[in-house]
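>>> next one to model:
(2 chains)
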Amino acid sequence: MTLPLGVTFESFTDFGFWTSVGILAGTYTLFTLGLQLNVGFTGIVNFGQAGFMAIGAYTMGILVVKYDWSFWLALPAAVLVAIAFGLLIGLPSLRLRADYFAIATIAAAEIVRITAQNARELTGGNQGLFGFEGEWDNVSDSIENGLQSLGWSDPETLFPLFLVVWATVLIATALLHFATRSPWGRVLRAVREDEDAARALGKNTLVYKLQSLAISATLGALAGFFLALNLNFLNPEEFEPLFTFIGYAVLVLGGLANYWGVAFGAVIMWTILEGTRFVDLPLTAEREAAVRFMIVGLVLILLMAFRPQGVFGKKEEMVLGD
Amino acid sequence: MEARSVPSAARLPLRERLRELPAVQWARLHPESTAAGVLGLLVLALLVAYGVHEVAQTGLSGLTLGSVYALGAVGLTLVYGILKLVNFAHGEFLTFGAYMAFLVNVTWGAPLVLGIVFAIAATAVLGIAFERIMWGPMRARKAGLLQLLLMAIGLAFLIQNTVQFIWGTEIRSLDVNVTDTVEFLGLRIGRTDLLVIVVGFMTLLSIGVMLKYTLLGKRMRALSDNFDLAETAGVDTSRVVLYTWIFAGGLAGLAGVLAGAVTSVKPQMGFELLLPIFAAVILGGIGDAFGALAGGIVLGLMIEWSTLVIEPRWKVMVGFAVLILVLFVRPQGIFGKAKAI
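Coordinates of the predicted model:
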């Protein structure tokens, strides 16, 4: 008789495994930082983050592959398109109540995904979009050479991406952290706490909410770039609403109104999602996948029931009471 | 009026200037007639362009789809209206119902009718169970919107993946006849589709009558209008809440079986149906049960009619487009009152 449960411990000490978990966690930290700004600090429930991610990734991919743009030029262009999309969605729907806004944004994100699926000439549809990472590979190679000259004989091929992702996370988190302490950040919190009061003080609250959404769209697009570079191809499946919801699970794990908690939540989440692949359950792959998401669902329910502000969140900053 | 609009008319935002137009003002006062008029014009245009036969034939598919949406939408809108819960797990009720019917109809080999009855009962019980375990206690604690929203999403994950754990991701079908067709007036409809339309419309009609004329229906609508006032007026709210979940669950279960009968049964089916159902709910005015019935049928028709104009693979977009359009133009829906939105 053997034990039903076995863990292959080598994988947990395998550097390559942690590099790939780290890239995913970093990517979804950026993704969720946008949600944190929207939900935690502005009080708007954006359910369309996967859509911004898709817009960013696909605009970059299409410009490089189909229109022969330089990768480095396509990045800012894709960010601008994501921002424009955010404003287009936000302008009419931010006037709505929070729950309507949530539904409007998830529908907008689904429109993006289904377009990516069906506009095959442009996006490759379900076959995927390939061949945009050439210019990044050069940079990645020179970082790898740099690491070798530092005395690391055989660095992981994905390690340069890991470094760039987490450098971006660090910069974005620090910038957001300081921005929320600025007068601008205080207005955002005022909008969250009591929009009417903020308006009575002469603040155009719609503008602040749009700015919040635009920054979130930017972060979503950045996450989309890293997702694209990690996978080396784009597929509409990577942008299902599921990933927005994973973002929310990361958000509440780390805690609301806490930027540093986001990275914590993302690392925990992706260790659960990826690490459980190495736990030898006597199950088929699809059952294992089901168990992982049953756990995610259960964690969401239990956190919301017993610790709605999340692990590091502040209860007094948990708003959206009605 | 004159004094206000003359000097500044050019500088008013577009939204405000549009509102000043007599046609727009009339439309704002008569939303039902306007919606009917717009729909009528669309149908007329389709009739002229594609002929009666094509429009009627796709319309039949629209009624099949619309029945599923309407059945799903009534429960979702009642739960929202009465409990102020945007139930993102409602789609998973449909999935659960479909698999319950699969269990009885295919695994146990019993007739589909028994499967339908079992699915309705089991999904209603599921609705009550989560009310007792989760929603009731959370309401008592005065949980916020975000809390409930994320709990509902967690629940959706839990149900969908439990289903996937038990039955796998394999696409399955119910034991129904999908090849037999019935012909009338030169139109052709699958026997199963016809069954779905008949069962769907009969159920919707009885729900409509129940809501309009029975005491329970009136109480449900009263709670949906103003929960506290209804409670003060002596309505036993906890009983009505229980019946709301029985109806929401049961109807969603039925909708799931019907959807499974005309297409297929798979773990993601409910979530894929959820957004069009939301669109139906919002089209009819969120919280308005009659609006949801009408919204579901209209949306089903629009999605199927759209295949005359666009490639069928794009038809899912129609649901989202309607959803966004209604939210932008008239967020309270066609039948809804302009409350705080």
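>>> where along the stretch 51-200 of chain A do the strands fall?
Ranges of strands within the stretch 51-200 of chain A are A:129-130, based on DSSP state E, counting those that start in this stretch.
>>> close to chain B: what parts of it are there?
A:92-93, A:96-100, A:102-104, A:106-108, A:110-111, A:114-115, A:118 (C-beta under 8 Å from any C-beta of the partner chain). Using the backbone N, CA and C atoms, a C-beta is placed for each residue, glycine as well.
>>> again, only using 6 Å
Neighbours of chain B within the stretch 51-200 of chain A, by C-beta under 6 Å from any C-beta of the partner chain: A:92, A:96-100, A:103-104, A:107, A:110-111, A:114, A:118.
>>> buried subset of those as a PyMOL selection?
Selecting the buried subset of these in PyMOL, with 16 or more other C-beta atoms under 10 Å in any protein chain shown as the burial test, is done by:
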select buried, chain A and resi 96+98+99+100+103+104+107+110+111+114+118
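>>> list the ones among the residues of the stretch 51-200 of chain A next to chain B that fall in helices.
A:Pro92, A:Ala98, A:Asp99, A:Tyr100, A:Ile103, A:Ala104, A:Ala107, A:Glu110, A:Ile111, A:Ile114, A:Asn118 (DSSP state H).
>>> ok so B:Val176 is a helix residue?
No: secondary structure of B:Val176, determined by DSSP: H, G, I helix; E, B strand; the rest coil: coil, with no helix assignment.
>>> contacts only, for it.
B:Thr192, B:Ala261 (C-beta atoms under 6 Å, 6 or more residues apart in numbering or on different chains).
>>> determine the longest helix present in chain B.
helix B:31-83.
>>> re the thing from before, how about the residues of the stretch 51-200 of chain A next to chain B in CSV, adding pLDDT?
Shown next, in CSV, are these (pLDDT from 0 to 100):
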residue, pLDDT
A:Pro92, 85
A:Leu96, 83
A:Arg97, 81
A:Ala98, 83
A:Asp99, 84
A:Tyr100, 86
A:Ile103, 90
A:Ala104, 90
A:Ala107, 92
A:Glu110, 93
A:Ile111, 93
A:Ile114, 92
A:Asn118, 91
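>>> let's have the residues of the stretch 51-200 of chain A next to chain B in a markdown table, adding distance to B:Gly300.
Formatted as a markdown table, those follow (distance: C-beta to C-beta, whole Å):
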| residue | distance to B:Gly300 |
| --- | --- |
| A:Pro92 | 26 |
| A:Leu96 | 25 |
| A:Arg97 | 27 |
| A:Ala98 | 29 |
| A:Asp99 | 24 |
| A:Tyr100 | 22 |
| A:Ile103 | 19 |
| A:Ala104 | 21 |
| A:Ala107 | 17 |
| A:Glu110 | 18 |
| A:Ile111 | 19 |
| A:Ile114 | 18 |
| A:Asn118 | 21 |
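>>> what is the nearest of the residues of the stretch 51-200 of chain A next to chain B to A:Phe41?
A:Ala98 (14.4 Å; C-beta to C-beta).
>>> in space, what's closest to that closest one - neighbours in sequence excluded?
A:Val45 (5.0 Å; C-beta to C-beta, 6 or more residues apart in numbering or on different chains).
>>> checking my notes, the one you found in a helix, right?
No: under three-state DSSP, A:Val45 sits outside any helix and is assigned coil.
>>> can you tell me how far it is from A:Ala84?
21 Å (C-beta to C-beta, to the nearest Å).
>>> go on, B:Ile286?
29 Å.
>>> same drill for those two, tell me which one is more crowded.
B:Ile286 (27 against 13; other C-beta atoms under 10 Å in any protein chain shown).
>>> okay, that one: pLDDT?
We have a pLDDT of 80 for B:Ile286.
>>> verify the stated contact: A:Glu144 with A:Pro155.
Yes: using C-beta atoms under 6 Å, A:Glu144 makes contact with A:Pro155 at a distance of 5.5 Å.
>>> before we move on, the earlier item: list the contacts for the residue nearest to A:Ala98?
A:Val39, A:Ala98, A:Ala102.
>>> redo that, cut-off 10 Å
Listed by C-beta atoms under 10 Å, 6 or more residues apart in numbering or on different chains, the contact set of A:Val45 reads A:35, A:38-39, A:97-103, A:105-106, A:248, A:320, B:86, B:145-146, B:149-150.
>>> ok, B:Ala222 next?
Per C-beta under 10 Å, 6+ apart, neighbours of B:Ala222: B:Ile82, B:Leu229, B:Ala230, B:Glu231, B:Ala233, B:Val235, B:Thr237, B:Val240.
>>> can you list the weak-confidence ranges in the stretch 101-250 of chain B?
Of all residues in the stretch 101-250 of chain B, none has pLDDT under 70.
>>> quick check: phi and psi at B:Arg188.
Main-chain torsions, B:Arg188, degrees, to the nearest 10: phi -130, psi 130.
>>> and A:Asp68, by the same measure?
The phi/psi pair for A:Asp68 (degrees, to the nearest 10) is phi 60, psi 30.
>>> how many neighbouring residues does it have?
Summarising burial for A:Asp68: neighbours were counted as other C-beta under 10 Å, giving 8.
>>> identify the residues contacting it.
A:Ala74.
>>> where do the strands sit along the stretch 51-200 of chain B?
B:181-184, B:187-190.
>>> what parts of the stretch 151-300 of chain B come near chain A?
The stretch 151-300 of chain B has residues B:151-170, B:267-268, B:271-272, B:274-276, B:278-279, B:281-282, B:286 near chain A, with proximity defined as C-beta under 10 Å from any C-beta of the partner chain.
>>> quick check: PyMOL command selecting the buried ones in those.
Here is the PyMOL selection string for the buried members of those, based on 16+ other C-beta under 10 Å:
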select buried, chain B and resi 151+152+153+154+155+156+157+158+159+160+161+162+163+164+165+167+267+268+271+272+274+275+276+278+279+281+282+286
